[in-house]
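K.L.:
with the input below, show me the fold.
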Amino acid sequence: MTEPRSSGGGRVLTVAAWTVLVLGLWLWGREITDVRPGGGAGQAGAMAPAGLPAAHAPLGPALPKRVDVPSMGIRAPLIPRGLDGDGAIEPPPFDRPGTVGWWGGGTRPGEAGAALLVGHVDTASKPAVFYGLSTAKPGDKVRVARTDGTVAEFTVEDVQVYERRSFDAHKAYGPKVPGRAELRLVTCGGTYDKAAEEYTANVVVSAYLTGTARS
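P.N.:
Residues are numbered from 1 along each chain as shown. Reported below is the predicted structural model:
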(Lines give C-alpha, C1' and ligand atoms only; values in the text may rest on other atoms or scores of the structure.)
Protein backbone atom coordinates (compact mmCIF):
# COMPACT_ATOMS: atom_id res chain seq x y z
CA MET A 1 0.00 0.00 0.00
CA THR A 2 1.41 3.36 -0.96
CA GLU A 3 1.41 6.10 1.62
CA PRO A 4 -0.24 9.32 0.42
CA ARG A 5 2.38 12.01 0.10
CA SER A 6 2.60 15.73 -0.43
CA SER A 7 2.40 16.65 -4.08
CA GLY A 8 5.63 18.59 -3.96
CA GLY A 9 4.33 20.55 -6.89
CA GLY A 10 2.36 22.94 -4.75
CA ARG A 11 -1.08 21.50 -5.53
CA VAL A 12 -4.01 20.63 -3.32
CA LEU A 13 -6.37 17.82 -4.26
CA THR A 14 -7.70 18.81 -7.68
CA VAL A 15 -11.36 19.19 -8.60
CA ALA A 16 -10.93 16.41 -11.16
CA ALA A 17 -9.62 14.06 -8.50
CA TRP A 18 -12.52 14.83 -6.20
CA THR A 19 -14.97 14.19 -9.03
CA VAL A 20 -13.60 10.70 -9.66
CA LEU A 21 -13.34 10.04 -5.94
CA VAL A 22 -16.99 10.68 -5.16
CA LEU A 23 -18.91 10.89 -8.43
CA GLY A 24 -20.11 7.33 -7.84
CA LEU A 25 -22.34 8.61 -5.05
CA TRP A 26 -24.32 10.60 -7.59
CA LEU A 27 -24.47 7.72 -10.06
CA TRP A 28 -25.55 5.11 -7.52
CA GLY A 29 -27.55 7.45 -5.28
CA ARG A 30 -28.60 6.67 -1.72
CA GLU A 31 -28.73 2.97 -2.59
CA ILE A 32 -24.99 2.86 -1.91
CA THR A 33 -24.83 4.44 1.50
CA ASP A 34 -28.23 3.75 2.99
CA VAL A 35 -29.75 0.54 4.27
CA ARG A 36 -32.96 -0.43 2.53
CA PRO A 37 -36.23 -0.19 4.49
CA GLY A 38 -36.58 -3.19 6.77
CA GLY A 39 -32.83 -3.76 6.54
CA GLY A 40 -32.63 -5.81 9.71
CA ALA A 41 -30.75 -3.50 12.06
CA GLY A 42 -31.25 -6.10 14.78
CA GLN A 43 -28.82 -8.43 12.99
CA ALA A 44 -25.94 -6.00 13.39
CA GLY A 45 -24.61 -7.42 16.67
CA ALA A 46 -23.88 -10.78 15.07
CA MET A 47 -21.99 -9.35 12.11
CA ALA A 48 -18.33 -8.79 13.01
CA PRO A 49 -15.07 -9.69 11.24
CA ALA A 50 -12.95 -12.37 12.88
CA GLY A 51 -10.93 -11.05 15.79
CA LEU A 52 -12.74 -7.70 15.93
CA PRO A 53 -15.53 -6.51 18.25
CA ALA A 54 -19.16 -7.32 17.60
CA ALA A 55 -21.16 -4.69 15.79
CA HIS A 56 -23.35 -2.37 17.85
CA ALA A 57 -26.95 -1.76 16.85
CA PRO A 58 -27.40 1.44 14.77
CA LEU A 59 -28.12 4.66 16.63
CA GLY A 60 -30.94 7.14 16.25
CA PRO A 61 -30.67 10.23 14.04
CA ALA A 62 -28.20 12.97 14.98
CA LEU A 63 -25.85 15.17 13.01
CA PRO A 64 -22.08 14.64 13.24
CA LYS A 65 -19.85 17.46 14.46
CA ARG A 66 -16.33 16.05 15.01
CA VAL A 67 -14.24 13.02 14.06
CA ASP A 68 -11.34 11.67 16.14
CA VAL A 69 -8.86 8.98 15.09
CA PRO A 70 -6.57 8.60 18.12
CA SER A 71 -4.04 6.33 16.40
CA MET A 72 -3.31 9.08 13.86
CA GLY A 73 -3.69 12.09 16.11
CA ILE A 74 -6.70 13.27 14.11
CA ARG A 75 -9.24 15.51 15.85
CA ALA A 76 -11.14 17.42 13.21
CA PRO A 77 -14.40 19.32 12.88
CA LEU A 78 -16.97 17.89 10.49
CA ILE A 79 -18.94 20.01 8.05
CA PRO A 80 -21.76 18.86 5.76
CA ARG A 81 -21.06 19.01 2.04
CA GLY A 82 -23.43 18.83 -0.89
CA LEU A 83 -23.05 17.96 -4.55
CA ASP A 84 -21.66 20.35 -7.13
CA GLY A 85 -22.94 20.87 -10.65
CA ASP A 86 -21.05 17.81 -11.88
CA GLY A 87 -22.63 15.55 -9.28
CA ALA A 88 -19.52 15.25 -7.12
CA ILE A 89 -19.28 16.06 -3.42
CA GLU A 90 -17.97 19.52 -2.74
CA PRO A 91 -14.65 19.03 -0.91
CA PRO A 92 -13.87 20.84 2.33
CA PRO A 93 -12.68 24.39 1.57
CA PHE A 94 -9.06 24.39 0.42
CA ASP A 95 -8.22 26.98 3.06
CA ARG A 96 -9.42 24.60 5.80
CA PRO A 97 -7.14 21.56 5.33
CA GLY A 98 -7.78 20.39 8.89
CA THR A 99 -11.52 20.03 8.29
CA VAL A 100 -13.32 16.85 7.21
CA GLY A 101 -16.38 16.89 4.98
CA TRP A 102 -19.41 14.69 5.54
CA TRP A 103 -21.78 13.97 2.64
CA GLY A 104 -24.91 15.57 4.05
CA GLY A 105 -27.18 13.91 1.50
CA GLY A 106 -26.31 10.45 2.74
CA THR A 107 -26.24 8.42 5.92
CA ARG A 108 -25.42 10.17 9.19
CA PRO A 109 -22.61 8.47 11.16
CA GLY A 110 -24.07 6.00 13.62
CA GLU A 111 -27.21 5.29 11.64
CA ALA A 112 -27.74 2.15 9.56
CA GLY A 113 -25.91 2.38 6.25
CA ALA A 114 -22.51 3.67 5.20
CA ALA A 115 -21.69 7.30 6.08
CA LEU A 116 -19.03 9.01 3.99
CA LEU A 117 -16.28 11.32 5.31
CA VAL A 118 -13.82 12.96 2.91
CA GLY A 119 -10.66 14.96 3.62
CA HIS A 120 -7.65 16.41 1.83
CA VAL A 121 -4.37 14.51 1.81
CA ASP A 122 -2.14 17.60 1.53
CA THR A 123 -1.93 21.29 0.70
CA ALA A 124 0.55 23.33 -1.29
CA SER A 125 2.98 23.30 1.61
CA LYS A 126 2.10 20.64 4.19
CA PRO A 127 0.11 17.48 4.94
CA ALA A 128 -3.63 17.85 5.45
CA VAL A 129 -6.05 16.08 7.79
CA PHE A 130 -6.07 12.67 6.05
CA TYR A 131 -2.41 12.55 5.07
CA GLY A 132 -1.73 9.39 7.07
CA LEU A 133 -5.03 7.64 6.34
CA SER A 134 -3.45 4.67 4.57
CA THR A 135 -1.59 3.75 7.78
CA ALA A 136 -4.86 2.82 9.49
CA LYS A 137 -5.05 -0.79 10.68
CA PRO A 138 -7.92 -3.15 11.48
CA GLY A 139 -8.89 -2.61 15.10
CA ASP A 140 -8.10 1.12 15.11
CA LYS A 141 -10.84 3.30 16.60
CA VAL A 142 -12.70 6.14 14.92
CA ARG A 143 -14.98 8.27 17.06
CA VAL A 144 -17.65 10.64 15.75
CA ALA A 145 -19.14 13.15 18.18
CA ARG A 146 -22.78 13.92 17.42
CA THR A 147 -25.13 16.78 18.20
CA ASP A 148 -27.25 14.67 20.56
CA GLY A 149 -24.32 14.30 22.95
CA THR A 150 -23.43 10.76 21.90
CA VAL A 151 -20.11 9.61 20.50
CA ALA A 152 -20.40 6.87 17.88
CA GLU A 153 -17.39 4.57 18.27
CA PHE A 154 -16.33 2.72 15.13
CA THR A 155 -13.71 0.01 14.60
CA VAL A 156 -11.65 -0.12 11.40
CA GLU A 157 -12.08 -3.40 9.56
CA ASP A 158 -10.07 -2.81 6.39
CA VAL A 159 -8.09 -0.29 4.36
CA GLN A 160 -8.18 -0.37 0.58
CA VAL A 161 -6.37 1.57 -2.13
CA TYR A 162 -8.43 1.79 -5.32
CA GLU A 163 -6.78 2.80 -8.58
CA ARG A 164 -8.71 5.65 -10.17
CA ARG A 165 -8.71 3.96 -13.59
CA SER A 166 -10.77 1.05 -12.27
CA PHE A 167 -12.62 2.75 -9.42
CA ASP A 168 -15.79 0.87 -8.43
CA ALA A 169 -18.00 3.19 -6.39
CA HIS A 170 -20.38 0.45 -5.30
CA LYS A 171 -17.53 -1.70 -3.98
CA ALA A 172 -15.86 1.23 -2.25
CA TYR A 173 -18.90 2.86 -0.68
CA GLY A 174 -21.56 0.17 -0.48
CA PRO A 175 -22.44 -1.31 2.95
CA LYS A 176 -20.47 -4.46 3.68
CA VAL A 177 -23.19 -5.90 5.94
CA PRO A 178 -26.86 -4.91 5.49
CA GLY A 179 -28.25 -3.34 8.64
CA ARG A 180 -24.91 -2.29 10.14
CA ALA A 181 -23.90 1.30 10.87
CA GLU A 182 -20.72 1.80 8.85
CA LEU A 183 -18.26 4.58 8.07
CA ARG A 184 -15.97 5.35 5.11
CA LEU A 185 -13.02 7.72 5.41
CA VAL A 186 -11.77 8.71 1.99
CA THR A 187 -8.84 10.64 0.55
CA CYS A 188 -6.42 10.49 -2.37
CA GLY A 189 -3.46 8.13 -2.43
CA GLY A 190 -1.14 6.22 -4.69
CA THR A 191 1.39 8.49 -6.37
CA TYR A 192 1.08 12.09 -7.48
CA ASP A 193 1.04 12.52 -11.26
CA LYS A 194 2.62 15.92 -11.83
CA ALA A 195 1.61 16.01 -15.49
CA ALA A 196 -2.05 15.34 -14.73
CA GLU A 197 -1.86 17.24 -11.41
CA GLU A 198 -3.72 14.50 -9.57
CA TYR A 199 -3.20 11.37 -7.52
CA THR A 200 -3.46 7.94 -9.11
CA ALA A 201 -5.61 6.24 -6.46
CA ASN A 202 -8.08 6.67 -3.63
CA VAL A 203 -7.61 5.44 -0.06
CA VAL A 204 -10.81 4.13 1.56
CA VAL A 205 -10.88 3.13 5.24
CA SER A 206 -13.94 1.11 6.21
CA ALA A 207 -15.17 0.96 9.81
CA TYR A 208 -18.31 -0.21 11.58
CA LEU A 209 -20.10 0.85 14.75
CA THR A 210 -18.96 -1.08 17.83
CA GLY A 211 -19.98 1.12 20.76
CA THR A 212 -21.15 4.47 22.09
CA ALA A 213 -20.10 6.99 24.71
CA ARG A 214 -21.18 10.40 25.95
CA SER A 215 -19.35 13.51 24.89
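K.L.:
ends of stretch 138-147, what's the gap?
P.N.:
27 Å (C-alpha to C-alpha, to the nearest Å).
K.L.:
how far is it from where the chain is centred?
P.N.:
11 Å (C-alpha atoms, centre = their mean, to the nearest Å).
K.L.:
repeat that for stretch 206-215.
P.N.:
14 Å.
K.L.:
ok, for the most centrally placed residue in the chain, nearest residue in space, not its chain neighbours?
P.N.:
Nearest residue to the geometric centre of the chain (C-alpha atoms, centre = their mean): residue 185, 2.0 Å. The spatial neighbour of residue 185 that comes closest, neighbours along the chain excluded (C-beta to C-beta, 6 or more residues apart in numbering), is residue 205 at 4.2 Å. All C-beta atoms are positioned from the backbone trio N, CA, C, and that covers glycine.
K.L.:
mind listing what that neighbour touches?
P.N.:
133, 136, 142, 156, 158-159, 184-186 (C-beta atoms under 8 Å, 6 or more residues apart in numbering).
K.L.:
sorry, back to before: surely the residue nearest to the centre of the chain is in contact with residue 134?
P.N.:
No. Using C-beta atoms under 8 Å, residue 185 is not in contact with residue 134, being 10.5 Å away.
K.L.:
before we move on, the earlier item: ok, the residue nearest to the centre of the chain to residue 73 distance?
P.N.:
Applying C-beta to C-beta, to the nearest Å, the value for residue 185 to residue 73 is 14 Å.
K.L.:
please apply the same query to residue 114.
P.N.:
25 Å.
K.L.:
of the two, which one has the most company?
P.N.:
Between residue 114 and residue 73, counted using other C-beta atoms under 10 Å, residue 114 has the larger neighbour count: 26 against 8.
K.L.:
any idea which helix or strand carries that one?
P.N.:
strand 113-118 (DSSP states H and E).
K.L.:
just checking, next helix/strand downstream of that strand?
P.N.:
strand 141-146.
K.L.:
so which bits of whichever helix or strand comes after that next one are buried?
P.N.:
Later in the chain than strand 141-146, the nearest helix or strand by DSSP H and E is strand 150-163. Judged by neighbour count (16 or more other C-beta atoms under 10 Å), strand 150-163 contains these buried residues: 150-157, 159-162.
K.L.:
all set, thanks.
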